[in-house]
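Undergrad: fold the following.
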Amino acid sequence: MDKLAKELSARLPQSIPPEGIAIMQCSFCHGHGKDPFGIMSNVSNCCVCGGSGKIQVQTPVVACAHCGGTGAVKTLTCTTCGGRGYLTLPLLPIVSCPVCKGSGDDVSAPAMDCLNCRGKGFIINHKNQEGEVNS
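TA: Presented below is the predicted three-dimensional model:
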C-alpha cells in the first residue's frame, strides 16, 4: 500500500477487515436508519441503508474525500460515494489528484465533485518507476 493509501486508511475505524466485505455503520444517517434531515418526514427510512443503519462495503476502503466520510454534501447524498461515506480502494497504485489536491471537490464549486478524479481525491498512477506512462 503506498503512502497516500496509508494516509486515507488512517482516517477509518481500525475494525475494518483488510479484504472482503465489511458491515459498517451508515454514514448518512449515523446508524439511526432514519432520514437525518427529515426532508420526506422525520420517520422516513434512510435512503442509503434502507432503515437498517448498516451498509456493506467492499474492502479495502477509504473515507470519501468529497463528503469527508459523512455521506452528505449539504443535505444531499454524496454523488461520489452514494451516501455511504466510503469508497473501495483500488488495488493499483494511486496518487493524489493533481486538480483537486485530494479534496475531491471541484475548485470552482465545492459542492460539486472534481471532474478529474470524480470526487475520490485520488487517481490511479499509470506511471512506472521511470516516470513513463504505462498503457
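Undergrad: excluding chain neighbours, what is closest to the spatially most central residue of the chain?
TA: Central residue of the chain (C-alpha atoms, centre = their mean): Cys64, 2.1 Å from the mean position. Excluding its sequence neighbours, the residue lying closest to Cys64 (C-beta to C-beta, 6 or more residues apart in numbering) is Cys81, at 3.9 Å. Every residue, glycine included, has its C-beta placed from N, CA and C.
Undergrad: residues contacting Cys49?
TA: Listed by C-beta atoms under 8 Å, 6 or more residues apart in numbering, the contact partners of Cys49 are 26, 28-29, 33, 55.
Undergrad: roughly how far does it sit from Asn116?
TA: 30 Å (C-beta to C-beta, to the nearest Å).
Undergrad: element containing the residue nearest to Cys64, please.
TA: Using DSSP states H and E, Cys81 sits within no helix or strand.
Undergrad: so what's the residue nearest to the centre of the chain up against?
TA: Counted by C-beta under 8 Å, 6+ apart, Cys64 has contacts 71, 78, 80-81, 84-87, 104, 119-120.
Undergrad: from the residues you listed, pick the one nearest Gly20.
TA: Tyr86 (14.0 Å; C-beta to C-beta).
Undergrad: what about the closest one, distance to Ala109?
TA: 24 Å.
Undergrad: which one of these two has more residues nearby?
TA: A count of neighbours by other C-beta atoms under 10 Å puts Tyr86 above the other of Tyr86 and Ala109, at 23 against 8.
Undergrad: that one and Thr59 touch, don't they?
TA: No - Tyr86 lies out of contact with Thr59 (C-beta atoms under 8 Å); the separation is 9.1 Å.
Undergrad: phi first, then psi, for Met24.
TA: Met24 adopts backbone torsions of phi -130, psi 160, taken as degrees, to the nearest 10.
Undergrad: before we move on, what about Cys67?
TA: phi -100, psi 0.
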